[in-house]
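Colleague: what would the 3D arrangement of this be:
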Amino acid sequence: RSGGAVAVLDLDLSQPELSPPGMMTLSVVRSPLFAPMSSSSQRDTFVEGRYVGQVTGRDDPGRYVAAIRGLLGAYHSLEEEGMVLIVNTEATVKGLGAELVGAVRDVVSPTSVIQLMGSTSTCDDDGSGWDVMGYYDDVKCHVIPVVRPAHLSCALSRTRILGEYFCAPLLPSSSRVNLSGGGNIVDPRAVLSEALASAKPFCISFDDVGYGTLDDGVIAQNEERTVLEALNGHIVGLCHCPPHDDASSVSKRGGRRVVVSASMTEDVRCFGLGIVRSIDLVKRLFFVVTPLSVDDLRARDVNLLLGGSISVPLELLWRGKFASQGLAYQACCDKEEEEM
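Modeller: You can find the predicted model right below:
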């Protein structure tokens, strides 16, 4: 009934299939996936997103579950009837990871469960852990052994995904930097970082967006300057925050610091990531690099820059031809143009 399309709820914050790290997304896929998706292909399949700003739901289970509820609500509102929903969970199912899988089960209510078994055990040292055959009593369970290719660390996989997301649209077709293969990224000429540093950023007034962070330590200090320092040179979620009773909402023209509670995550939609290239505190401007277009930002009514714990990988930072040039991510904070 859905014309061969399937809905994919990607809940893997560390190494997602259909989005950059730190995001959870609902996508509609209409053709087979044989390779990692480009940022443009991700936008073609994208339906809804939530920004958690972590590489695992174990760091903030309440926010993680709230995001799932929001995305599941978007799935139920899809106009195409009979569309199958595939849920990609996090790979770690030990300890709290097993509890998160249980939370996903309770929210999603699956009819079938498939466990892909690699060479790494899903059980803890004491034998406890996640056993799909003994965990579900009322659904069909399948265990499939998987032969995995050469192992990539989680950190390297995230770097590859972020490099593909931010840099691939900026690279010439003749670029020899391979972002989708195995092994370390080989980029001796700093093609990735130079392309990103040379990208034209969007210039966004403080009056047009709200801004905040999901870092509890920064939030606890309750200082605007500390929040801005946390955002400067870091990855942010490009979000739309509706009026909400649980915290200060973002007005139509923005211009205010926002604390996004865990419960608000269900309603705060995220449409992609950006890098705050720099902040001008004199003119009150954010400079943001993102693969999203002007039309994307306007159509989605992005009104909130939301920081998390996802940092720009070292491979994507440009230090110039000489070490004395320093990083290209700086900020003007007063009339003397002191760096932040």
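Colleague: can we go C-alpha only for contacts and neighbour counts from here?
Modeller: Noted.
Colleague: helices along the stretch 151-300 of the chain, start to end?
Modeller: Along the stretch 151-300 of the chain, the stretches classed as helices by DSSP state H, counting those that start in this stretch are 154-166, 191-198, 216-221, 224-231, 294-300.
Colleague: how far out from the middle of the chain is the fourth one?
Modeller: Pointing back at helix 224-231 there. Relative to the chain's own centre, helix 224-231 is displaced by 20 Å; criterion: Cα atoms, centre = their mean, to the nearest Å.
Colleague: average pLDDT across that helix?
Modeller: The average pLDDT within helix 224-231 is 89.
Colleague: try the second one
Modeller: Over the span of helix 191-198, the pLDDT mean works out to 86.
Colleague: can I get that helix as PDB, trimmed to CA atoms?
Modeller: The C-alpha coordinates for helix 191-198 follow below in PDB (Å, rounded to 0.1, in the frame of the first residue of the first chain):
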ATOM      1  CA  VAL A 191      41.600  19.200   1.600                       C
ATOM      2  CA  LEU A 192      38.700  18.600   3.900                       C
ATOM      3  CA  SER A 193      39.700  21.200   6.500                       C
ATOM      4  CA  GLU A 194      40.600  23.900   3.900                       C
ATOM      5  CA  ALA A 195      37.300  23.300   2.100                       C
ATOM      6  CA  LEU A 196      35.300  23.700   5.300                       C
ATOM      7  CA  ALA A 197      37.300  26.800   6.400                       C
ATOM      8  CA  SER A 198      36.800  28.400   3.000                       C
END
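Colleague: in that helix, what counts as buried?
Modeller: Val191, Leu192, Ser193, Glu194, Ala195, Leu196, Ala197 (16 or more other Cα atoms under 10 Å).
Colleague: the fourth one contacts Trp318, correct?
Modeller: Yes: distance between Glu194 and Trp318: 5.6 Å, which falls inside the contact criterion (Cα atoms under 8 Å).
Colleague: what are the ranges of the strands in the chain?
Modeller: 6-10, 23-29, 46-51, 84-88, 112-117, 140-145, 202-205, 210-213, 235-240, 269-280, 285-289, 304-307, 331-332 (DSSP state E).
Colleague: list the strands paired with the longest one, with their directions.
Modeller: With DSSP bridges as the test, strand 269-280 is paired with strand 235-240 (antiparallel), strand 285-289 (antiparallel), strand 331-332 (parallel).
Colleague: what's the pLDDT at Asp245?
Modeller: 57.
Colleague: quick one, what contacts the residue lying closest to Leu231 once chain neighbours are set aside?
Modeller: For Leu231, ignoring the flanking residues on the chain, the nearest one in space by Cα to Cα, 6 or more residues apart in numbering is Gly307 at 5.9 Å. The contact partners of Gly307, taken as Cα atoms under 8 Å, 6 or more residues apart in numbering, are Gly53, Gly212, Thr213, Leu214, Asp215, Ala230, Leu231, His234, Ile235, Val236, Gly237.
Colleague: which residues does the longest helix seen in the chain contact?
Modeller: Longest helix in the chain by number of residues (criterion: DSSP state H): helix 61-76. The contact list for helix 61-76, computed with Cα under 8 Å, 6+ apart, reads 7, 9, 11, 24-26, 48-52, 57, 100, 103-104, 107-108, 261-267.
Colleague: okay, and the helix or strand of the chain with the least pLDDT?
Modeller: strand 331-332 (a mean of 52; mean pLDDT, DSSP states H and E).
Colleague: per-residue confidence for the residue lying closest to Gly57 once chain neighbours are set aside?
Modeller: Nearest non-adjacent residue to Gly57, counting by Cα to Cα, 6+ apart: Tyr64, 5.4 Å away. In this model, Tyr64 is scored at 93, pLDDT.
Colleague: also the one 3 residues further on?
Modeller: The score at Ala67 is 95. That number is its pLDDT.
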